[in-house]
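I would like the atomic coordinates for the input below:
(one chain, ligands or ions: 1)
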Amino acid sequence: MTPKIARFLTQHQPATPCLVLDVDRVEENFRALRDALPLARIYYAVKANPARQVLRRLVGLSSHFDAAGIEEVEACLDAGALPSAISFGNTIKKVSAIQRAHRAGVTMFAFDSREELEKLARNAPGARVYCRILVENAGADWPLSRKFGTTIESARELMLLAGDMGLDPFGLSFHVGSQQTTTQAYELAIGKVAMLFTDLTNAGVNLRMMNLGGGFPTRYRDEVPEIDRFGDAIMNAMTAHFGNNLPDMAIEPGRYIVGDAGLVQAEVVLVSQRDKNDPVRWVYLDIGRFGGLAETEGESIRYRIKTSHDGSATGPVAIAGPTCDGADILYEKSNYRLPLALTSGDRVELLAAGAYVTTYCSTGFNGFAPLAEHYV
Ligand SMILES: *Cc1c(COP(=O)(O)O)cnc(C)c1O
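Numbers count the residues shown, from 1 in each chain. Model prediction:
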């Protein structure tokens with residue numbers, strides 16, 4: 001919790017649940033990543049937190065932006081980003097979205113299939129395109145599965161085709177999975193994709209960019225490597241494969257930029273000992289899976305939880321949300337412990353909850369309002 005957030009909570013006693021995010025911390029994270037990888041251009045993955053306050057701060061730092069949809073493209077433009085600083089990074093785009101982005105001046109687009117490439121050729125002629133390669137997501141707490149990316153063979157074919165279609169075959173990309181906790185995932189992916197890069201260059205394609213995606217982790221319950229370790233591993237791998245002839249490098253951090261900049265304050269609604277022979281108490285909060293904490297699915301993202309009783313005796317708990325849905329359980333298997341003194345009415349904080357929360361919440365399931373947001 002940053003001092004600014006602590007002061008806000010004390011002074012304003014906001015209604016819960018709410019996100020409170022310190023925009024100065026967003027800037028610190030941006031600078032730390034830029035220092036760790038000075039040669040890489042940063043495209044902030046807007047979907048992690050598209051709040052105007054966040055976008056405006058990043059525009060002020062000359063960040064670039066990775067947009068997943070046309071509304072995100074427009075949010076970046078509204079916040080003052082230049083169209084040339086926006087990459088439309090989703091490989092699945094409606095024709096109308098491509099047309100609107102192209103008309104707005106966006107010139108860089110991702111794809112990973114022939115049909116998408118044809119859509120781009122027709123609706124964004126001349127655009128710079130980059131092909132996303134499927135890479136291993138081992139080591140990621142929130143893997144992106146097999147939904148995105150194509151094989152080396154088909155990427156090779158499509159990149160050769162892109163030029164013939166009147167597009168500019170600009171680069172290659174990958175994503176090692178979100179909350180990636182190993183530096184090795186980047187090394188392996190760079191090795192795989194760099195070979196294709198060299199191969200296509202030798203075939204006469206004027207490739208200029210390696211886009212290393214996002215994935216850089218936020219510290220939740222468990223420790224993660226420092227950002228400099230990722231920077232060093234990436235630079236070593238890039239130099240090993242490209243020598244002095246480095247292509248432009250792009251990264252698309254989302255979680256790393258906003259994750260630990262914010263927290264969610266919640267209220268304990270009920271503490272229940274469901275079975276007197278079972279020491280596990282059920283702690284129900286006023287926010288759950290449908291209130292924005294969607295990444296607790298599969299107990300993948302394990303937030304640290306702070307209470308006003310910290311330091312006193314604890315016992316095992318299951319933690320759940322307030323809705324009438326049986327899936328609305330945050331943690332049952334991850335061995336959470338909370339103070340025995342915890343009781344309904346207490347406020348708790350889920351730390352480092354600045355990423356992938358506000359936009360994941362439902363709009364009125366069980367009548368609960370969307371998550372309130374405060375930017376300080
Ligand atoms: C979601 C996403 C990102 C951001 O990933 P993080 O793990 O939050 O850094 C970057 N690039 C693409 C293409 C994405 O879909």
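
okay, now the closest residue to the ligand within the stretch 201-350 of the chain: neighbour count?
Taking CB to the nearest ligand atom as the measure, the stretch 201-350 of the chain has residue 214 as its residue closest to the ligand, at 2.3 Å. In this view, the C-beta of every residue, glycine as well, is placed from N, C-alpha and C. Applying other CB atoms under 10 Å, we find 25 residues neighbouring residue 214.

check what pLDDT the nearest residue to it once chain neighbours are set aside gets.
Among residues not flanking residue 214 along the chain, residue 252 sits closest, at 4.4 Å (CB to CB, 6 or more residues apart in numbering). pLDDT for residue 252: 98.

kindly report the same for residue 145.
So, for residue 145, pLDDT stands at 74.

just give me the neighbour total for it.
Close neighbours of residue 145, defined as other CB under 10 Å, add up to 11.

isn't it up against residue 137?
Yes - in this structure, residue 145 is within contact of residue 137 by CB atoms under 8 Å, at 7.2 Å.

can you tell me how far residue 163 sits from the ligand?
Note on residue 163: its distance to the ligand, by CB to the nearest ligand atom, to the nearest Å, is 23 Å.

residues from the stretch 1-150 of the chain in reach of the ligand?
By CB under 6 Å from any ligand atom, the residues of the stretch 1-150 of the chain that approach the ligand are 45, 47-48, 66, 89.

okay, and which of those map to strands?
Cross-referencing those against strands under DSSP state E gives 45, 66.

between the residues of the stretch 1-150 of the chain next to the ligand, which sits nearest the ligand?
Of all these, residue 45 has the smallest distance to the ligand: 3.3 Å, by CB to the nearest ligand atom.

can you pull the pLDDT of the closest one?
As predicted, residue 45 sits at a pLDDT of 98.

quick one: it and residue 89 touch, right?
Yes - the pair formed by residue 45 and residue 89 meets the contact definition of CB under 8 Å, at 7.5 Å.

the residue of the stretch 201-350 of the chain closest to the ligand reaches residue 44, doesn't it?
No - at 9.2 Å, residue 214 and residue 44 do not qualify as touching, with contact defined as CB under 8 Å.

emit the PyMOL select command for whichever of the residues of the stretch 1-150 of the chain next to the ligand are buried.
Those of those that count as buried under 16 or more other CB atoms under 10 Å are selected in PyMOL with:
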select buried, resi 45+47+48+66+89
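
follow-up on the earlier one: what residues are up against the residue nearest to residue 214?
43-45, 66, 87, 89, 175, 211-214 (CB atoms under 8 Å, 6 or more residues apart in numbering).

now distance to residue 124 too, for those, in TSV please.
Shown next, in TSV, are the contacts of residue 252 (distance: CB to CB, whole Å):
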residue	distance to residue 124
43	18
44	22
45	21
66	16
87	12
89	14
175	22
211	18
212	23
213	21
214	23
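
start to end distance for stretch 312-323?
Taking CA to CA, to the nearest Å, stretch 312-323 runs 29 Å from one end to the other.

what of stretch 129-140?
End residues of stretch 129-140 are separated by 27 Å (CA to CA).

identify each buried residue in that stretch, please.
Within stretch 129-140, the residues scored as buried using 16+ other CB under 10 Å are 129-135, 137, 139-140.

pick out the most distant pair among those residues.
Farthest pair in these (CB to CB) is 129 and 139. Separation: 28.6 Å.

ok, residue 114 - how many residues close by?
13.

ramachandran angles for it?
phi -70, psi -40 (degrees, to the nearest 10).

nearest spatial neighbour of it, chain-adjacent residues omitted?
That would be residue 158: by CB to CB, 6+ apart, it lies 6.1 Å from residue 114.

doesn't the one you found lie inside a helix?
Yes - counting by DSSP: H, G, I helix; E, B strand; the rest coil, residue 158 is found in a helix.

the domain parsing of the protein - what is it?
Domain assignment for the chain, taken from automatic domain parsing, gives 50-253, 260-375.

for the closest residue to residue 184 other than its chain neighbours, report the pLDDT, please.
Excluding its sequence neighbours, the residue lying closest to residue 184 (CB to CB, 6+ apart) is residue 139, at 6.9 Å. The score at residue 139 is 92. That number is its pLDDT.
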